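**Q** could you work out the structure for the sequence below:
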Amino acid sequence: MALPRPLRPGLTPAELTFIATSETTLEIVPNFRMGQIRLLSGVWGPFEPPRKATVPLWLALDLKRKKQCTIVPPDWLSVEALQEKLSDETSHRQYSALPFRYIEIARAILEAASDDLLSPAHVRSLLKDIREVRQSKTREGVLKMNADGMQMTGIAQMEVHEIRPFFVKSFGMIRKLGGEGEGDEESVGGPGTGDDLWAPPGRSATVGTAGQADDSWGMDES
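**A** Alright, predicted model coming up:
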């Protein structure tokens, strides 16, 4: 039996992270030898150090936790690349080109493999700055919403998910006031709540998922 619409919170941050780690691949340097392995997502390997191997992110994280590999961070997750992205974000009105699931991917790697990054604390700080700038752009985009909707090219998956409850409710009200249809009765969560996904443990992080708080996004400082 389906839940009533007001009781459908949408995907949680944990579920979005699951999707991102399942659909994203990256390179690792294995610490073990093994031939190819066949999984539901495909055939991966062989694993022969020091040769790199491409695997799904979830598998890379699992091997890393077992100390069986070193994760090769994606090119965009470096201090130099993020400084360039931050410069683009602050000097242009449009969003900079980042992976659609950059928040979930970065969070997962920082949490499990910060020792495989150069200057992880600096990386975390740059990601936080980029996120704040992008949240400001999102708020500006919401203010321009009309009965035809709104356009935000380059917005990321988590950012879409955060503003979805607010957008659905507001768009429904705009159309209702314009006589174009009934408003959606879904609960409201404000866009761009200033949450800190890159906060170390001890600081709460609020994600605007249907207005619900989530404290699972803290990251260890390294």
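
**Q** what about the strands in this structure?
**A** Applying DSSP state E to the chain gives strands spanning 25-30, 37-39, 42-44, 53-56, 69-72.

**Q** for the record, mean pLDDT for the third one?
**A** Going back to what we said before, that points to strand 42-44. For strand 42-44, the mean per-residue pLDDT is 95.

**Q** same check, this time on the second one
**A** Average pLDDT, strand 37-39: 95.

**Q** quick revisit: which of the strands of the chain sits most buried?
**A** Across the strands of the chain, averaging neighbours per residue (mean count of other Cβ atoms under 10 Å) puts strand 69-72 on top, at a mean of 21. In short, each C-beta sits where N, CA and C put it, glycine included.

**Q** helices or strands next to that one in the packing?
**A** Packed against strand 69-72 by the contact rule (3 or more Cβ pairs under 8 Å, 6 or more residues apart in numbering; DSSP states H and E) you find strand 25-30, helix 57-65, helix 102-113.

**Q** just the CA trace of that strand, in PDB.
**A** Extracted C-alpha coordinates of strand 69-72, given in PDB (Å, rounded to 0.1, in the frame of the first residue of the first chain):
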ATOM      1  CA  CYS A  69      43.900  -1.300  -1.600                       C
ATOM      2  CA  THR A  70      44.800   2.300  -2.100                       C
ATOM      3  CA  ILE A  71      42.100   4.500  -3.700                       C
ATOM      4  CA  VAL A  72      43.200   6.700  -6.600                       C
END
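
**Q** show me where pLDDT drops low in this protein?
**A** For the chain, applying pLDDT under 70 flags the ranges 1-9, 146-147, 149-150, 179-222.

**Q** let me see the contact set for the residue positioned nearest the centre of the chain.
**A** Most central in the chain under Cα atoms, centre = their mean is Ile103, positioned 2.5 Å from the mean C-alpha point. Ile103 makes contact with Arg131, Ala156, Gln157, Met158, Glu159, Leu197, according to Cβ atoms under 8 Å, 6 or more residues apart in numbering.

**Q** to Ser114, which of the strands of the chain lies closest?
**A** Closest of these to Ser114 is strand 69-72, at 10.0 Å (criterion: Cβ to Cβ).

**Q** all helices for this protein, in order.
**A** With DSSP state H, the ranges of helices along the chain come out as 13-23, 57-65, 79-91, 102-113, 120-143, 157-177.

**Q** out of those helices, which is the most enclosed?
**A** helix 102-113 (a mean of 23).

**Q** for Ser87, find the nearest of the helices and strands packed on strand 69-72.
**A** Nearest to Ser87 among the helices and strands packed on strand 69-72 is helix 102-113; the distance by Cβ to Cβ comes to 16.4 Å.

**Q** okay, the closest one in CSV with CA atoms only?
**A** Output in CSV follows, covering the C-alpha atoms of helix 102-113 (Å, rounded to 0.1, in the frame of the first residue of the first chain):
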residue,chain,number,x,y,z
TYR,A,102,30.0,15.0,-6.4
ILE,A,103,28.7,15.5,-2.8
GLU,A,104,28.1,11.8,-2.2
ILE,A,105,31.3,10.7,-3.9
ALA,A,106,33.5,13.2,-2.1
ARG,A,107,31.9,12.5,1.3
ALA,A,108,32.3,8.7,0.9
ILE,A,109,36.0,9.0,-0.1
LEU,A,110,36.8,11.5,2.7
GLU,A,111,35.2,9.3,5.2
ALA,A,112,36.9,6.0,4.3
ALA,A,113,40.1,7.0,2.5
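
**Q** right, I'll call it a day here.
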